[in-house]
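Asker: just to be clear, the model below is a prediction. Sequence and coordinates:
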Amino acid sequence: MIFDPLFLLMIAPAFLLALLAQWMVKSAYSQMSQVPASMTGREAARRILDASGLQNIHIEQVPGHLSDHYDPSHKVLRLSPEVFGGRSMASVGIAAHEAGHALQDAKNYAPLVIRNLAVPAANFGSSIGSLLLMVGLAMTFYAASGLGQWVFLAGIIAFGATVAFQVVNLPVEFDASSRAKTQLVNLGIVSGTDLHYVSKVLNAAALTYVAATLQAVMTLLYYVMRYMQATSRNN
């Protein structure tokens, strides 16, 4: 990879924001893990799902730290051991957030549908796109070849799929947290006065998605700028 101070300058804000978000998540999770809740994460998720008529959604425990996620293809909500059996505001909040994704799926929430459809393209763009970008950039920098420009453009398009996925993912995550908070209060799992405990964890987690999206957008913008420079130089 060609060293370019401009690249570091453009992604520096997103990188710093990502570090801040990671610290906030660890800090919030550690603090809220000490605040007791009325039930475990699994029980909270089960209550939310059942109240919405989603008894068909299964809840499983999976290994890993904060490996919690909802699998729409198998209709399964998977929770890490700390969240599955933890009786804390952190566990309840995270479990409720993942249950929020199940509610989105049941309602055919448009951004979630688009995100699920974009997963294959995003995975392809993340792996192949990065390779094409590096090869294309090197070819245009060292050889100034027309082929290099086409490879570079293909990389931009492929990586753009990953950026699009990140952008669409933002409203999905924010909406899941909003649904989680509403259900927690409406079902009496968390009182309105205690909701700020849950919000602290979910807001910190949301910041990680914002940082990832910002980094992806700035990276794509950098490569677009380099592509435009390469084409103007070779024409």
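Answerer: Everything's here; your move.

Asker: center of the protein - which residue?
Answerer: Tyr209 (4.7 Å; CA atoms, centre = their mean).

Asker: what strand or helix carries that one?
Answerer: helix 195-234 (DSSP states H and E).

Asker: list the helices and strands that helix packs on?
Answerer: Packing partners of helix 195-234 (3 or more CB pairs under 8 Å, 6 or more residues apart in numbering; DSSP states H and E): helix 5-32, helix 89-106, helix 130-142, helix 146-186. C-beta here means a position set from N, CA and C on the backbone, and glycine is covered the same way.

Asker: name the residues of it that are buried.
Answerer: 195, 197-220, 222-223, 226-227, 230 (16 or more other CB atoms under 10 Å).

Asker: and if you look at stretch 166-186?
Answerer: In stretch 166-186, the ones that count as buried by 16+ other CB under 10 Å are 166, 168-170, 172-177, 179-181, 183-185.

Asker: now do it: everything it contacts.
Answerer: 44, 48, 51-52, 92-93, 96-101, 103-104, 109, 111-112, 114-115, 118, 189-192, 195, 198-199, 202-203, 205-206, 209-210, 212-213, 216-217 (CB atoms under 8 Å, 6 or more residues apart in numbering).

Asker: quick revisit: relative to Phe124, which of the helices and strands packed on helix 195-234 is closest?
Answerer: helix 146-186 (6.5 Å; CB to CB).

Asker: ok, now which ones touch the closest residue to Val224 other than its chain neighbours?
Answerer: Leaving aside its chain neighbours, Val224 sits nearest to Ile156 (6.2 Å; criterion: CB to CB, 6 or more residues apart in numbering). By CB under 8 Å, 6+ apart, the residues touching Ile156 are Gly129, Leu133, Leu220, Tyr223, Val224, Tyr227.
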